[in-house]
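*Asks:* coords please:
(2 chains)
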Amino acid sequence: MKIYADNAATTKMSPAAIRAMMSCLEETYGNPSSLYALGQEAKETLEKARAAIAAVINAEPQEIIITSGGSEADNQALRSAALAGKKKGKTHLISTAFEHHAVLHTLKKLEDEGFAVTLLPVHENGLVRLEEVAAAIREDTCLVSVMTANNEIGTVQPIGEIGALCREKGVTFHTDAVQAVGHLPLDVKAQQIDMLSASAHKFHGPKGVGFLYVRKGVPLTNLIEGGAQERGKRAGTENVAAAVSMAAALKETAGSMAETEARLRPLRDRLIAGLGEIPHSALNGDAVHRLPGNVNFCFEGIEGESLLLLLDDRGICASSGSACTSGSLDPSHVLLAIGRVHDVAHGSLRLTLGEDATEEQVDYIIQNVKEVVEYLRSFSPIWRDLTSGKAAFIL
Amino acid sequence: MALYSEKVMEHFRHPRNVGVIEDASGVGEVGNAKCGDIMKMYLKIEDDTVVDAKFETFGCGSAIASSSMATELIIGKPLSDVAKLTNKAVAEALDGLPAYKMHCSVLAEEAIQSALEDYYGKHPEKRPQA
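*Replies:* Numbering: from 1, shown residues only, chains lettered A, B, ... in the order given. Presented below is the predicted three-dimensional model:
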């Protein structure tokens, strides 16, 4: 059995997205800035795509800037808010400890440049507390950035409440919604979001394209200088085919959001229950406030990379927050932020189900994870120490 | 392009000499759980020769493969040879490791040297004179 259970890493492009891209590449290849019909046709195609994207999050078309992806959108959002704040003498930024690196590393840069950064805790359940956001806001705060849904543990934050709070306090509110767009209902007006980042390949669109929503009136700074494309806020000839493909993918994914959620939630909970039967294991992040397809566990006494390789041999694609898979000595900053100690965080497994997941696949995953964990524990010196009483179990 | 060589994957999927030697002559444990790698090496030594070796490893694919390969390289070898085993020899026998995984072969070398030290600690008369 082949199961792709790493949809938080990327998704397979939908046939509609591929068709939209191909048709654009073959026929609508003009430069949208050209004045002849072929160019204007490309312009029109691009603007239709922009309008379709805007509609999904209840934004206006001119509030959508097409970017190269979620990371660029995050970078531009944070830098723009920081610069706008600085002009008013406001140099304090608030975010959370478990943001994506596109946000955290940009904040680190801004800190080096003289800004003050507060990273809010996300607690054991992986949720930000509204009262802690409120308490962190200062006179000189120019931005609050809280991700809609976490990419590793899938916890969904109270975005609407944070949006209302920020609007009331007059602080710009950005949300990295890369994992949420197309999968959770989002309404930038109702949720009072000022800026929102998204990436097409997380909702069956192509890689290398995403968008930044910026509410009308919120100042934006360029990362890329040049021509007047994207309202002069993002130079470079537009990747029309990618934008059109992104719009097609988003329309389709968002269009079936409710059915997908209704189908995935029970499968996710079945997977959580099944993996929870493994002794000395624990679910990471809140069980209820989480993305419909996200499951993330820690298994004590084993290391994540060997787990992934053996699951790959059995046809299961998954990911882990172990140091070996992160390319650094430390395990996932997300798992550390929810209080998992290093020893346990190394033994993590993230499974993110796709829309087409079945009960049979979920049962196959449960069976195989159980077998592989048991096998790896059978020759783990840590497991020996734990079971012989030499060391105390953490989970 | 796969993450690891075929040899690494083969040793990872079918590790040799996994387990424990109850009456081991020397035992060495290196690494720590914080970093995500622990290797425990058990040696059975007779007549200044490693007659058996077993390992337990908590770690990534290359850590498990390095432990497995290291045991294969030392079983049947005189202690004078075992003392000279380097991490490079382990990595080469595995047809190479990615640069950021070389520390796994270092752990294997250290686990063996640590087990040897344990043995010499119990049998100081066996320690070669410098």
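
*Asks:* C-alpha from now on. contacts and neighbour counts both.
*Replies:* Will do.

*Asks:* from chain B, how far out is the closest residue to residue A:298 other than its chain neighbours?
*Replies:* Computed as C-alpha to C-alpha, 6 or more residues apart in numbering or on different chains, the closest residue to residue A:298 that is not its neighbour in sequence is residue A:348, at 4.2 Å. The spacing between residue A:348 and chain B, counted by C-alpha to the nearest C-alpha, to the nearest Å, is 11 Å.

*Asks:* just list the residues touching residue A:348, thanks.
*Replies:* A:296-299, A:303-304, A:320-322 (C-alpha atoms under 8 Å, 6 or more residues apart in numbering or on different chains).

*Asks:* if any of the residues you listed are buried, give me the PyMOL selection for them.
*Replies:* Filtering the contacts of residue A:348 down to the buried ones (16 or more other C-alpha atoms under 10 Å in any protein chain shown) takes a single PyMOL command:
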select buried, chain A and resi 296+297+298+299+303+304+320+321+322
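
*Asks:* narrow the contacts of residue A:348 to those in helices?
*Replies:* residue A:304 (DSSP state H).

*Asks:* max-length helix in chain B?
*Replies:* Max-length helix for chain B by DSSP H is helix B:102-122.

*Asks:* so which elements touch it?
*Replies:* Packed against helix B:102-122 by the contact rule (3 or more C-alpha pairs under 8 Å, 6 or more residues apart in numbering or on different chains; DSSP states H and E) you find strand B:26-32, strand B:37-46, helix B:61-74, helix B:87-93.

*Asks:* who touches the longest one?
*Replies:* Under the contact criterion C-alpha under 8 Å, 6+ apart, helix B:61-74 has outside partners A:305-306, A:309, B:4, B:8-12, B:15-18, B:37, B:39, B:50, B:53-55, B:57-58, B:82, B:90-91, B:93-94, B:97, B:101, B:104-105, B:107-109.

*Asks:* quick check: buried residues in it?
*Replies:* B:61-74.

*Asks:* list the buried residues in the longest helix of chain B.
*Replies:* Quick answer for helix B:102-122 (16+ other C-alpha under 10 Å): B:102-120.

*Asks:* equivalent analysis for stretch B:88-103, please.
*Replies:* Those would be B:89-91, B:93-94, B:96-97, B:101-103, for stretch B:88-103 by 16+ other C-alpha under 10 Å.

*Asks:* distance check, residue A:39 against residue B:19.
*Replies:* Noted for residue A:39: a distance of 69 Å to residue B:19, by C-alpha to C-alpha, to the nearest Å.

*Asks:* closest to residue A:57 out of the buried residues of stretch B:88-103?
*Replies:* residue B:101 (43.8 Å; C-alpha to C-alpha).

*Asks:* hang on, the earlier thing: dump the contacts of residue A:348 to JSON lines, plus pLDDT and distance to residue A:204.
*Replies:* Converted to JSON lines, those look like this (pLDDT from 0 to 100; distance: C-alpha to C-alpha, whole Å):
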{"residue": "A:296", "pLDDT": "98", "distance to residue A:204": "22"}
{"residue": "A:297", "pLDDT": "98", "distance to residue A:204": "25"}
{"residue": "A:298", "pLDDT": "98", "distance to residue A:204": "28"}
{"residue": "A:299", "pLDDT": "98", "distance to residue A:204": "30"}
{"residue": "A:303", "pLDDT": "95", "distance to residue A:204": "31"}
{"residue": "A:304", "pLDDT": "95", "distance to residue A:204": "27"}
{"residue": "A:320", "pLDDT": "94", "distance to residue A:204": "22"}
{"residue": "A:321", "pLDDT": "89", "distance to residue A:204": "24"}
{"residue": "A:322", "pLDDT": "86", "distance to residue A:204": "27"}
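
*Asks:* of all the contacts of residue A:348, which comes closest to residue A:100?
*Replies:* residue A:321 (13.0 Å).

*Asks:* residue A:250: what's it in contact with?
*Replies:* With the criterion set at C-alpha under 8 Å, 6+ apart, residue A:250 makes contact with A:53, A:56, A:182, A:200, A:203-205.

*Asks:* contact residues of chain B facing chain A?
*Replies:* Counting by C-alpha under 8 Å from any C-alpha of the partner chain, chain B comes close to chain A at B:13, B:18-19, B:33-40, B:55-61, B:100.

*Asks:* what about 10 Å?
*Replies:* B:3, B:9, B:12-13, B:18-20, B:29, B:32-41, B:55-64, B:100-101 (C-alpha under 10 Å from any C-alpha of the partner chain).

*Asks:* let's see the ChimeraX selection covering just the buried ones among the residues you listed.
*Replies:* Buried members of the residues of chain B next to chain A, defined by 16+ other C-alpha under 10 Å, are picked up in ChimeraX with:
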select /B:9,12,13,18,19,20,29,33,34,35,36,37,38,39,40,41,55,56,57,58,59,60,61,62,63,64,101
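
*Asks:* now for chain A, the helix or strand with the poorest mean pLDDT.
*Replies:* helix A:323-326 (a mean of 69; mean pLDDT, DSSP states H and E).

*Asks:* right, and the helix or strand after that helix?
*Replies:* Per DSSP states H and E, the first helix or strand lying C-terminal to helix A:323-326 is helix A:333-337.

*Asks:* helices and strands around that following helix, which ones?
*Replies:* helix A:342-345 (3 or more C-alpha pairs under 10 Å, 6 or more residues apart in numbering or on different chains; DSSP states H and E).

*Asks:* what stretches of the stretch 251-395 of chain A score poorly on pLDDT?
*Replies:* For the stretch 251-395 of chain A, the stretches with pLDDT under 70 are A:325-328.

*Asks:* about what we covered before: could the helices and strands packed on helix B:102-122 go into TSV alongside mean pLDDT?
*Replies:* Shown next, in TSV, are the helices and strands packed on helix B:102-122 (pLDDT from 0 to 100):
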stretch	mean pLDDT
strand B:26-32	95
strand B:37-46	97
helix B:61-74	97
helix B:87-93	97
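
*Asks:* much appreciated, bye for now.
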